[in-house]
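Enquirer: What follows is a predicted structure for the sequence shown.
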2 protein chains.
Amino acid sequence: MTRPLALLASTLLLLSAQSPQLPLAGFSPDTARRQFALEKDFDAKLQRQNLQQWLKHLSAKPHHVGSPGSRAVAEFIAAQFKSWGYETEIETFYPLFPTPKSRLLEMTGPDKFTARLAEPPVEGDESSAMTQGGLPVYHAYSIDGDVTAPLVYVNYGLPADYDKLAQMGIDVKGKIVIARYGASWRGIKPKVAAEHGAIGCLIYSDPRDDGYFMGDVYPKGPWRPKDGAQRGSVMDMPTYPGDPLTPGAGAKSQTLRPDFKTAATTLTKIPVLPISYADAEPLLRALAGPVAPPEWRGALPLTYHTGPGPATVHLKLEFNWQLAPTHNVIARMKGSERPDEWILRGNHHDAWVFGASDPLTGMVAVMEEARAISELAKTGWRPKRTLIFCAWDGEEPALLGSTEWAEFHAAELKEHAAVYVNSDGTSRGFVHIGGSHTLETLASQAARDVTDPQTKVTALARAKARLSVLGEPATPELTISPLGSGSDYTAFVDHLGIASLNIGFGGEGSGAGSYHSNYDTYDHVVKFEDPDFLYTLATVQLGGRLTLRLANADVLPLRVDNFARTVTKYAAEVKKLAGDLRTQTAARNALIQSGAMQLAADPRQTFIQPKPQEPVPFLNFAPLENALTRLDAATRAFTALDLSQLPPEKAKALDAILMRTERVLTRPEGLPRRPWFRHMIYAPGFYTGYGVKTLPGIREALEQRFWQEAGEQIGYTANALEAFAAEVERAAKVTSN
Amino acid sequence: MTRPLALLASTLLLLSAQSPQLPLAGFSPDTARRQFALEKDFDAKLQRQNLQQWLKHLSAKPHHVGSPGSRAVAEFIAAQFKSWGYETEIETFYPLFPTPKSRLLEMTGPDKFTARLAEPPVEGDESSAMTQGGLPVYHAYSIDGDVTAPLVYVNYGLPADYDKLAQMGIDVKGKIVIARYGASWRGIKPKVAAEHGAIGCLIYSDPRDDGYFMGDVYPKGPWRPKDGAQRGSVMDMPTYPGDPLTPGAGAKSQTLRPDFKTAATTLTKIPVLPISYADAEPLLRALAGPVAPPEWRGALPLTYHTGPGPATVHLKLEFNWQLAPTHNVIARMKGSERPDEWILRGNHHDAWVFGASDPLTGMVAVMEEARAISELAKTGWRPKRTLIFCAWDGEEPALLGSTEWAEFHAAELKEHAAVYVNSDGTSRGFVHIGGSHTLETLASQAARDVTDPQTKVTALARAKARLSVLGEPATPELTISPLGSGSDYTAFVDHLGIASLNIGFGGEGSGAGSYHSNYDTYDHVVKFEDPDFLYTLATVQLGGRLTLRLANADVLPLRVDNFARTVTKYAAEVKKLAGDLRTQTAARNALIQSGAMQLAADPRQTFIQPKPQEPVPFLNFAPLENALTRLDAATRAFTALDLSQLPPEKAKALDAILMRTERVLTRPEGLPRRPWFRHMIYAPGFYTGYGVKTLPGIREALEQRFWQEAGEQIGYTANALEAFAAEVERAAKVTSN
């Protein structure tokens, strides 16, 4: 039921979309006025029915990377861009992409059971019966394997879960583990399982996490039905994404090298397969051993035990190892004044099966944005900077299309790319923007200038209302979240140091239950995610404002003070982390050494007391603190300057410096054990996968208790911040000269 | 599996049971030495096989109050006490006690279903097949009723749950509610349901709370099987416990007054019935309406909806309304020096069915304690003070036996009773003691002097090890918890102001799944709760030390400084509560008045915004603070005195004053809306039932937002503390004169 909102109108006046007389980062009052007028024209050109028609068309058939469907989708999109006047090309790469040849999962004892491994059609969803040519349920970049062993339930399969198992006296060495989806990116689970000696890994969707516990299942409700399973990549992307065979370079060769299995270091070490909870339930029911800890238990109607065994399972997987043509659509509109400054705007077009929600809701929004901008261009307007729209292929397996393209064009991108703006699936709810904190004001102002379709207040006001109800501290701007990984911004921000954003709406549409399954369909989107395409349209408005403002601003709208404020907070966090670790380690060691931990354990349960840990030394945070002091002074001085009447040549010089601010946050040597990841402020976590780690060099060294490395990384991070401060000092000089 | 503990021996030396050369509250070094020798003799007389034999005998047949089984149990216990030389009587009361005449629960639509309402025998448990004469599953003191209405799921059925329903636009008026067991005493659920206009109430045991989610179900494991249900009282005991017809007086009349239904104001207002989850599942599955909030969802394999309906249920209940003879066994051993000071030690003997765990593990511990003391008496030893052992009947329905006895003997108890020590079911695990904080040192020293059977360290050391692992702050003594309700200490502490303790072991034995069911049997206890009766024996040692020390001490071992320290902490809590309520109310009102709360809600779900609340005024806490200052000074002065060489007449005078310290904490007018509860420091919560509210007058007025009442109760509570301080000042004077 939709509640009428009219009654609220009076109280909401202060929150509602205001006349466009507000400050606009990068613009003077005069140029801002012209920009607002342009955006009004842009809005007037938007056609909601395009979103619906394209979504229906593009999601009609399976279109994973390498499939005829994907080629057709790329060609359709390219044809549209061409028809709108963009300089368009399809740029194809050839990364390694395995598809299943055979999949077998059976319980060989104590009972016999063979897993179904299939997602049957459901009533009321046309697409779910038309999976011809689609990928079945599997994990991309699992190795081939044929293993039989007792089963162990490992909860989410994260390092702390194995610590707990060790305390319970349970070793997974030589066993097959079954983990549930959730709490980390899926690829972490087989990686950690292999680190602990497991020889196979199953990952199932517990109804606690996205099934009937959460709400009615498809087709009655949006949640995952009993046979639904989650496909996905399990490549070791926190080490490097993209083609496993060509890290740091574009995959242009069409010949598979013979030693590809050993050369591809990001393949899993053990075979791994996703299963539904209908397939998981008989296995879990056949486990004995201790009862799993309370927080490990899901929503299946059984007592969760850890094993090992008596359930013994046989897992046999074979893949077709081949290079898949990966078709990126690249469409350009040349800038009129500063053509050598590039604004990139992208979304992927490939899907696991139909991908109506993921990625097509975002893809059609980018298309409509580009179409409306082309309409503006027909009136004689031109962007000041060059616009490049990108429709990526192969995002699902490993961010293949965007990574290969970014690697291949690295030199020119480092020279010219100002900002990359990404989107992916979008749905009903609240605006969310993650990204480089130099772009926070830009993002916040865009959210301020888009109306929330359901409540008619600004998207910013609605997002802030939600935060205030959640008890978050109030801030005048939208606080944007740092980027981890999980979509195509990764190579831009983490590898090349290009300031990036990732944008969308969500939180009220329910896509979690169809995610990466046969049921991510047009019908599911229309019924449960964005029924009237109003939020897909709002995504067009949001993306359009960002793109147009980045393209037209007098000076690139990058705010160094937001960055300085945020990074100072991160520094305080890692310093506190070091202190907390020190206190916790001392307390835990005391519990072990006094015997209290052993005494508190139930003597009728196995309890292996953990060993005391090395005490946490004090670290030298001074280089970081000195860098922050310089950064603070530099950003204050620069922010105090009036940029509104800057002559064009100075503005251009300033742009060049501002573009470099993100670049200098990278370190050519990259992060420890993963040199591809070069950004010293943001990275996906080595043991979280999607989840971000800010100041990753320092933070992960602390978390992994590498004290010497933590000290070194403090220095490298401080160097990056010093370099950022130096750019800001240069910017001030250029501006005031 | 039991882990060998030998390896730990070296590190545990400091924690292990020491030679008895430690201070003993109430004793001089000389008398302490003799006391320790006596306790050594006591331990030597204990016979573990008595516990096993009595438990088996007493749990052989159903023995609820009013049944032939209960009479037989009382007579058996009385005969034992008599045979040990105690002056023993059976003192019988006649309170109202309804038993089921007919029970019907059916779903009339959309599907037909009739609830089974029965607990079938399980394999491997002899008793579970021998329920002849036992009470079926029902709630005592539900009114008769015959109602049919749509069903609403109300989570735990507490006030906050109805607030949430109101926000979702759901009203239970005229409906039947289904609540799950847990989070409060069961009797709160029908009370709150009726306050909100419901016409019937079902309470079921969700497998999340004590079924398969927690562990394997009976008989494979200890947890509640699908047809298991929890009997219990639903009388409004937070208003007053005991016979509903004779509050404040002993139920001696054997004639049921004709207007009993209106006179008995503590009956429920609506019919209520407990059911198993096998009976609940079809009803819950037939609910539609919104999906229940995440924290409301249990472990059944379905999506929890709130309703109302379409499930419509018919609930028909009829009871036999009669007076039940309630047989308390009272056994005395007269004191040699101060016979007019009474030490009471009790446990109930009645059960819902077999009651092997609840109450018999505790009951047989009290019997063995009394037997061993009688053996000591045969050697010529006599307690200084009078010992009274009590085996209560009718505890399960409403603390009937203890309450009627305490009310009937109120005058002499107020004159003579020094301390009441209670126990109830006990099992494997950690010592736990609740009670009056004047008894904290006594309790702690007793726990210090009992060895934990599994680890061989002291019970105190093991309890403290557990707390330290849980991250609780370390204290030298065992911190005892304040008493709420749920066992027979209630009338003593809350109505009469007699310092009380409630003692036992637990946390590793698993009685929760058999609680108040047919499966609380000898087999269940032996298999899962206290396999070798080692913790039942430890309970004898603990109870024996408390009883013997209370009986023999030179001066009653009540420590006023522990009380002062604890009550000061409670005062800080209520003051903080008032401040927190003020801040939270202001923040919540701001969210409502700004429109943020409405804006953050999903417009496709019904959301009724709550009304702003009256702002929280500042209250005058000065009287409480002044009282605490006086209390602090008085207790410091008294505690500094040396009591070790006090002449007998002064010791006796001091005893009389110390006995009064708890008495003066009561207020004759009692708490608001429940005058039977007179203690100003401890009470069961009006909306928690068992759960304690400390400084209940102030705390509950704040929680219920009665600001004026809160101010008044600050004054009354301050008066009680001033009176306590005055007694302490008198004690110092008497002692030093």
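Expert: Yep, that arrived.
Enquirer: what about stretch A:452-467, average pLDDT?
Expert: Throughout stretch A:452-467, pLDDT has a mean value of 97.
Enquirer: That one and chain B, are they touching?
Expert: Yes: applying CB under 8 Å from any CB of the partner chain, one finds stretch A:452-467 in contact with chain B at A:454, A:455, A:457, A:461, A:462, A:464, A:465, A:466. Where C-beta positions appear, they are placed from N, C-alpha and C, glycine not excepted.
Enquirer: Could you pull up the contacting residues of residue A:493?
Expert: A:420, A:435, A:436, A:483, A:499, A:500, A:662, A:679, A:682 (CB atoms under 8 Å, 6 or more residues apart in numbering or on different chains).
Enquirer: contacting residues around the third one?
Expert: The neighbours of residue A:436, taking CB under 8 Å, 6+ apart as the test, are A:483, A:493, A:499, A:500, A:501, A:563, A:662, A:682.
Enquirer: Could you list the paired strands of whichever helix or strand the fourth one is part of along with their orientation?
Expert: According to DSSP states H and E, residue A:500 maps onto strand A:499-507. Listed by DSSP bridges, the sheet partners of strand A:499-507 and their directions read strand A:417-423 (parallel), strand A:429-435 (antiparallel).
Enquirer: How about residue A:326: which residues does it bridge to?
Expert: residue A:93.
Enquirer: which residue does the stretch 251-400 of chain A bring closest to chain B?
Expert: residue A:301 (4.3 Å; CB to the nearest CB).
Enquirer: That residue: neighbour count?
Expert: Neighbourhood size, residue A:301 [other CB atoms under 10 Å in any protein chain shown]: 18.
Enquirer: now do the one 3 residues further on
Expert: Counted with other CB under 10 Å, the burial measure for residue A:304 works out to 22 neighbours.
Enquirer: what's the pLDDT at it?
Expert: As predicted, residue A:304 sits at a pLDDT of 98.
Enquirer: Which residue, other than its chain neighbours, is closest to it?
Expert: Excluding the flanking residues, the one nearest residue A:304 by CB to CB, 6 or more residues apart in numbering or on different chains is residue A:292, at 4.0 Å.
Enquirer: Against residue B:217, how distant is that neighbour?
Expert: Counting by CB to CB, to the nearest Å, the gap from residue A:292 to residue B:217 is 15 Å.
Enquirer: quick one, which of these two is more surrounded?
Expert: Higher neighbour count among residue A:292 and residue B:217: residue A:292, with 24 against 21, using other CB under 10 Å.
Enquirer: How about the backbone phi and psi for that one?
Expert: phi -60, psi 150 (degrees, to the nearest 10).
Enquirer: sorry, back to before: out of the contacts of residue A:493, who's nearest chain B?
Expert: Nearest member of these to chain B, counting by CB to the nearest CB, is residue A:435, at 23.3 Å.
Enquirer: Let me see the contact set for that closest one.
Expert: A:443, A:480, A:481, A:482, A:483, A:489, A:493, A:499, A:500, A:501, A:502.
Enquirer: go again using 10 Å as the cut-off
Expert: A:419-422, A:442-443, A:480-483, A:489, A:493, A:499-503, A:682 (CB atoms under 10 Å, 6 or more residues apart in numbering or on different chains).
Enquirer: One more: residue A:399?
Expert: So residue A:399 contacts A:233, A:235, A:237, A:240-243, A:348, A:392, A:406, A:485-491 (CB under 10 Å, 6+ apart).
Enquirer: Likewise for residue A:727?
Expert: Neighbours of residue A:727 in contact, by CB under 10 Å, 6+ apart: A:560, A:634, A:638, A:657, A:658, A:659, A:660, A:661, A:662, A:663, A:664, A:665.
Enquirer: same question, residue A:647
Expert: Taking CB under 10 Å, 6+ apart, we find residue A:647 in contact with residue A:653.
Enquirer: Do you have the helices of the stretch 201-350 of chain A handy? List them.
Expert: With helices called from DSSP state H, counting those that start in this stretch, the stretch 201-350 of chain A shows them at A:207-210, A:260-263, A:277-285.
Enquirer: So which of the ones you listed is nearest residue A:604?
Expert: helix A:277-285 (23.6 Å; CB to CB).
Enquirer: Now do that closest one: which elements does it pack against?
Expert: With contacts taken as 3 or more CB pairs under 10 Å, 6 or more residues apart in numbering or on different chains; DSSP states H and E, helix A:277-285 sits against strand A:99-109, strand A:113-114, strand A:145-153, strand A:176-180, strand A:200-204, helix A:207-210, strand A:272-275.
Enquirer: near chain B at all, the last one?
Expert: This means strand A:272-275. No: under the criterion of CB under 10 Å from any CB of the partner chain, strand A:272-275 makes no contact with chain B; the nearest approach is 17.4 Å.
Enquirer: In the stretch 251-400 of chain A, where is pLDDT below threshold?
Expert: Nowhere does the stretch 251-400 of chain A drop to pLDDT under 70.
Enquirer: ok, which of the contacts of residue A:399 also contact chain B?
Expert: Counting by CB under 10 Å from any CB, no member of these reaches chain B.
Enquirer: related to what we said a few turns ago, list the buried residues in the strand holding residue A:500.
Expert: A:499, A:500, A:501, A:502, A:503, A:504, A:505, A:506 (16 or more other CB atoms under 10 Å in any protein chain shown).
Enquirer: one step back: and the contacts of residue A:399, which of them are buried?
Expert: Buried by 16+ other CB under 10 Å: A:233, A:235, A:237, A:240-243, A:348, A:392, A:406, A:485-491, out of the contacts of residue A:399.
Enquirer: Show me how far the one helix or strand residue A:377 maps to is from its chain's centre.
Expert: Secondary structure assigned from DSSP H and E places residue A:377 in helix A:362-378. On the basis of CA atoms, centre = their mean, to the nearest Å, helix A:362-378 sits 24 Å off its chain's mean C-alpha point.
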